[in-house]
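Q: Next one to model:
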Amino acid sequence: MKSDQLRISILAADLAWIPVALAADCGIFGLPWHHTTLRPGELIVYLVCMLLAWVWLSEKLHLDGFRGGWRFPSVVSQLLLGVLLLTTLLLLVGLLSDMQIRSRTLGTFSFLLLVGFLSIRGTTHWIVLRRFRKGHVHRVVILGSDRLANELAIKFNHHPELRCKVAGFLCPNTELPISNLDTAERGNVISTIEITELLLKQQVSELVVAHRSVTHEILDLIALCRKASIAVTLIPQPYELYLSDPKLTDLNGLPLLQIGRVFDFTSAEMGKRLLDLSLSLMVAIMTFPLLLASCIVLRFSTGKAFRWESRIGRHGIPFSMLRLNVDRDPGPGPALAGFLSQMSISELPQLWNVFRGEMSLVGPRPEGPERAEHYSAWQQQRLAARPGMTGLAQVQGLRERHSSEHKTRLDLQYMLRPSLLKDIALLIETMWTLSLRLIKIPEYAIRANSRQTAEARKAIAYSLNHPPFQEIFQNAHRTQSGSD
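A: Just a heads-up that it's a prediction; the model follows:
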């Protein structure tokens with residue numbers, strides 16, 4: 001099933017579940033609108049409004065659960081936000097139409113919605129994985145050997161719903177994937193024509209061209225693959241994956257790919273700032289007793305409660321970030337230090353930076369000058385947004401000790417289409433992550449994620465180092481002239 005069909009199927013199941021949940025709720029507690037003057041036709045209009053609202057929310061928040069790569073905490077957080085917004089709509093409709101909706105009934109209806117939506121996605125994910133593990137996939141070979149090719153392979157591994165299994169890589173003879181391999185390990189050098197025979201022999205159904213430059217030999221290979229009924233997919237070059245919204249235009253058979261401009265964060269600055277100030281004030285009030293107790297203990301145990309650290313903010317402007325006087329990896333030492341670092345309580349003083357406008361609640365995590373000065377042009381794009389206390393990279397387990405490149409990949413993914421709803425969903429997911437850390441689950445989740453990443457990289461290395469897909473094709477004309 002294609003990803004678009006999968007999303008439509010999940011949305012259709014959601015829309016079917018909403019009236020079922022409503023009927024089940026009415027069966028448990030009785031019809032919640034029996035004191036109103038609404039006629040059945042008006043109730044139908046009300047239900048249609050709910051269905052239309054869920055269609056909009058599903059597209060706005062990507063509630064199918066697969067578009068960003070399946071992660072259960074993200075699915076739960078996004079669905080919880082979606083159900084809360086739908087419940088708010090229910091309250092607004094009730095106020096406008098003078099319906100007396102009991103809070104217990106409303107809470108039960110929301111709970112039934114959330115359980116049903118989670119069951120739909122969980123069952124779909126189980127079916128997708130089952131079909132993938134049974135071999136109901138089409139084998140893909142990637143033409144390329146650089147970071148883009150490796151990243152493409154990892155994305156295929158994170159999206160089993162596409163039913164694509166990367167069988168290996170191909171690259172020109174002058175661009176060997178691993179430079180320290182000897183001649184025997186690099187495999188055989190074969191011609192372009194022999195590659196199509198090799199692909200057919202290994203039941204490859206698609207060739208993905210991720211090579212930076214397209215030579216005559218690559219064009220010959222594409223033509224031969226199409227002739228052999230092997231699908232060909234092209235990644236346009238030069239290609240910037242992040243901070244772009246590409247649009248494809250067909251100009252009389254000539255494809256034109258327009259790369260959209262970088263998102264202007266100033267247009268959403270006011271709403272994001274209001275969200276930062278209101279939520280920061282709430283969090284500061286709720287956590288003040290805990291923060292005060294931690295400061296007193298640290299003051300007597302380490303000599304000072306706070307520390308200032310130099311960070312690079314928006315547009316590369318440096319600022320001083322406030323945090324508790326606790327090392328990020330305290331190692332063996334007082335249990336309090338490890339707890340404060342593990343639960344990110346040591347980061348709560350950064351609410352002061354949020355109030356001052358130097359940081360936001362959600363955004364790319366700020367890094368020190370020693371790292372920022374080595375940013376590439378690709379990494380410097382993350383400085384276009386205000387740095388945050390949490391972000392997409394943090395909820396996926398990437399913290400200070402991880403490389404800037406890995407965090408930049410996720411930060412730019414967040415920056416591509418920022419919205420207040422996405423920020424709220426990430427804040428909910430952050431609370432979920434901290435709750436898991438409290439019961440010692442996050443370490444397991446991080447280790448499992450690390451194993452999955454290691455297995456993906458191991459599979460990539462295997463495809464590069466072992467036959468048959470380490471085969472390198474050389475200049476076809478040179479091969480032909482030698483045979484002549």
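
Q: Where does pLDDT dip in the stretch 151-300 of the chain?
A: Residues of the stretch 151-300 of the chain meeting the criterion pLDDT under 70: 172-193, 238-245, 260-267.

Q: So which residues of it form strands?
A: 164-170, 189-190, 204-209, 231-234, 247-251, 254-258 (DSSP state E, counting those that start in this stretch).

Q: winner for burial among those strands?
A: The highest average neighbour count among the strands of the stretch 151-300 of the chain, using mean count of other C-beta atoms under 10 Å, belongs to strand 164-170 at a mean of 22. (Glycine included, C-beta is placed from N, CA and C.)

Q: list the buried ones in the helix or strand hosting Leu89?
A: With elements delineated by DSSP states H and E, Leu89 resides in helix 72-96, which encompasses its position. Within helix 72-96, the residues that qualify as buried by neighbour count (16 or more other C-beta atoms under 10 Å) are 73-83, 85-87, 89-90, 93-94.

Q: Pull out the buried residues from the longest helix along the chain.
A: In the chain, with assignment by DSSP state H, the single longest helix is helix 269-302. Neighbour-count burial for helix 269-302 flags 272, 275-276, 279-280, 283-284, 291, 294-295, 298 (criterion: 16+ other C-beta under 10 Å).

Q: Can you pick out the most distant pair from those?
A: Spatial extent of those (C-beta to C-beta) is set by the pair Lys272 and Leu298 at 31.7 Å.

Q: do you know how far the closest residue in space to Ile345 that isn't next to it in sequence is from Ala337?
A: Distances taken as C-beta to C-beta, 6 or more residues apart in numbering put Ser294 closest to Ile345, at 6.2 Å, once the chain neighbours are dropped. As defined by C-beta to C-beta, to the nearest Å, Ser294 lies at a distance of 10 Å from Ala337.

Q: Need the contact partners of the helix holding Leu89.
A: The list of residues contacting helix 72-96 from outside it, by C-beta atoms under 8 Å, 6 or more residues apart in numbering, reads 46, 49-50, 53-54, 57-58, 61-63, 65, 68, 99-101, 106, 109-110, 113-114, 117-118, 121, 395, 421, 424-426, 428-429, 432-433, 436.

Q: Of those, keep whichever come out buried.
A: 46, 50, 53-54, 57-58, 61-63, 65, 68, 99, 101, 106, 109-110, 113-114, 117-118, 121, 395, 424-426, 428-429, 432-433, 436.

Q: Quickly list what Ser320 is bridged to.
A: Each beta-bridge partner of Ser320 is listed here, defined by DSSP bridges: Ser310.

Q: Which residues are in contact with it?
A: Residues counted as contacts of Ser320 (C-beta under 8 Å, 6+ apart) are 308-311.

Q: quick one: which of those is most hemmed in?
A: For the contacts of Ser320, neighbours were counted using other C-beta atoms under 10 Å, and Arg311 has the most, 22 neighbours in all.

Q: ok, now which ones touch the nearest residue to Leu275 once chain neighbours are set aside?
A: The spatially closest residue to Leu275, leaving aside those adjacent along the chain, is Leu420, at 5.8 Å (C-beta to C-beta, 6+ apart). If you count contacts by C-beta under 8 Å, 6+ apart, Leu420 has them with 268, 271-272, 275.

Q: Redo these as a markdown table? Include distance to Ala210.
A: Supplementary listing: the contacts of Leu420 in a markdown table, determined by distance: C-beta to C-beta, whole Å:
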| residue | distance to Ala210 |
| --- | --- |
| Ala268 | 33 |
| Gly271 | 38 |
| Lys272 | 35 |
| Leu275 | 38 |
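
Q: out of those, who's nearest Ala21?
A: The nearest one, if we look at the contacts of Leu420 relative to Ala21 and count by C-beta to C-beta, is Leu275, at 29.6 Å.

Q: Just to check, the closest one is in contact with Lys422?
A: No: judged on C-beta atoms under 8 Å, Leu275 makes no contact with Lys422 at a distance of 11.3 Å.

Q: Quick check: phi and psi at the residue nearest the centre of the chain.
A: Within the chain, the residue whose C-alpha comes closest to the C-alpha centroid is Gly68; the distance, by C-alpha atoms, centre = their mean, is 4.0 Å. Summarising the backbone geometry of Gly68 under the convention degrees, to the nearest 10, its torsions are phi -100, psi 10.

Q: That one is in contact with Leu61, isn't it?
A: No: the pair formed by Gly68 and Leu61 falls short of the contact definition of C-beta under 8 Å, at 10.6 Å.

Q: Share the number of residues neighbouring Val45, please.
A: Once other C-beta under 10 Å is used to define contacts, Val45 is seen to have 13 neighbours.

Q: Would you check how far apart it and Leu148 are?
A: Spatial separation of Val45 from Leu148 under the definition C-beta to C-beta is 50 Å.
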